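1. Sharing a sequence plus its predicted fold:
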Amino acid sequence: MSDMLEPAEIEALFTRTDGTFLFARWGRAIVPIVFGVDDRTLGIVKGAIEAVVALADHKMAETDPELGANLMIFFFRDWEELREVPDLDRLVPDLGPLVDRLITAGANQYRIFRFDEAGAIRASFVFLRMDEELSAVPAETLALSQIVQTILLWSDRAFTDRSPLAALPGGELVLRPEIGALIRAGYDPVLPAVAQDPSHALRLSARLTRM
């Protein structure tokens, strides 16, 4: 594989700004729900979720016994709208201060993860404020990018310099092959769902060679 990721590159993708290494994948079937889109966009988002979950060889389900839905994706125009979503403050602690910070930062997207007792991902909330920048992104590209960034607990700086997507000659954006291979490796059932030791990057790298 010409685009093989080196162990150091893999380690960097899961090393946070504070220098700690943390890898985590979903520990349960993914049950998505999408708010604020029309039927066409809903189909695109759910198609992206299904494609990435299939790539990871993970599972989806109709309902989560604990939460009902455990992957919630919100599309909206103004951060203030989140304050009006019923019961969202129960699912997202300190919602008010968070909204204040996101407004101050001028952010157009934010992801929150929740974890089970073992540290595996049990839920994720994806917030997309459809400003001029995000509104200019094709729905297929936006959906794929967000789901890729939600299927694993990447570092907070993992894709700041380079997108997980790449352009084909015709201009269509697709998942970079090396990132797809890493996602598949991350869901190898032999590997733990959670790892805090950087040596986990070596175990992931070893599985890339067999893809």
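-> Right, received. Where do you want to start? Numbering: from 1, shown residues only.
2. three-state assignment of the spatially most central residue of the chain?
-> In the chain, the residue lying closest to the centroid (Cα atoms, centre = their mean) is T150, at 1.2 Å. Look at T150: counting by DSSP: H, G, I helix; E, B strand; the rest coil, its state is helix.
3. can you check R83 too?
-> At R83, secondary structure determined by three-state DSSP is helix.
4. quick one: it and V92 touch, right?
-> No - the pair R83 / V92 is not scored as a contact, 10.8 Å apart, by Cβ atoms under 8 Å. C-beta here means a position set from N, CA and C on the backbone, and glycine is covered the same way.
5. Can you mark which positions in the longest helix along the chain are buried?
-> Longest among the helix segments of the chain by residue count, using DSSP state H, is helix 39-56. The neighbour-count check on helix 39-56 (16 or more other Cβ atoms under 10 Å) flags 41-42, 44-46, 48-49, 52-53, 55-56 as buried.
6. was I right about the residue nearest to the centre of the chain contacting L71?
-> Yes - taking Cβ under 8 Å as the definition, T150 is a contact partner of L71 at 6.8 Å.
7. anything in contact with each of these two?
-> Common contacts of T150 and L71 (Cβ atoms under 8 Å, 6 or more residues apart in numbering): 124, 126.
8. Low-confidence ranges, the protein, go.
-> Scanning the chain with the threshold set as pLDDT under 70 gives 1-2, 209-211.
9. let's go with 90 and repeat that
-> Applying pLDDT under 90 to the chain flags the ranges 1-4, 67, 87, 90-91, 93, 160-162, 167-173, 208-211.
10. which residues in this structure form strands?
-> Along the chain, counting by DSSP state E, strands occupy 23-24, 32-35, 71-76, 109-115, 121-129, 165-167, 173-175, 194-195.
11. Show the contacting residues for the closest residue to R77 other than its chain neighbours.
-> Of all residues not flanking R77 in the chain, M130 sits nearest, at 5.8 Å (Cβ to Cβ, 6 or more residues apart in numbering). Residues near M130 by Cβ under 8 Å, 6+ apart: 75-77, 108.
12. who wins for most neighbours among those residues?
-> Within those, neighbour counts (other Cβ atoms under 10 Å) peak at F75, which reaches 20 neighbours.
13. what's near enough to touch the nearest residue to P192 once chain neighbours are set aside?
-> Distances taken as Cβ to Cβ, 6+ apart put H200 closest to P192, at 7.9 Å, once the chain neighbours are dropped. Shown in contact with H200 (Cβ under 8 Å, 6+ apart): 14, 21, 23, 191-192.
14. switch the cut-off to 10 Å
-> Applying Cβ atoms under 10 Å, 6 or more residues apart in numbering, we find H200 in contact with 7, 10-11, 14, 21-23, 186, 191-192, 194.
15. do S145 as well
-> 48, 109, 137, 159, 163-165, 173, 175.
16. now, among these, which is nearest to P32?
-> Among the contacts of S145, A48 lies closest to P32 (Cβ to Cβ), at 9.8 Å.
17. which residues sit in contact with that closest one?
-> Applying Cβ under 10 Å, 6+ apart to A48 gives the contacts 32, 139-148, 175.
18. Give me the distance between it and L152.
-> A48 sits 15 Å away from L152, taking Cβ to Cβ, to the nearest Å as the criterion.
19. coming back round to it: format the strands of the chain as TSV; extra columns: distance to V99.
-> Formatted as TSV, the strands of the chain follow (distance: least, Cβ to Cβ, whole Å):
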stretch	distance to V99
strand 23-24	26
strand 32-35	16
strand 71-76	11
strand 109-115	10
strand 121-129	9
strand 165-167	28
strand 173-175	30
strand 194-195	29
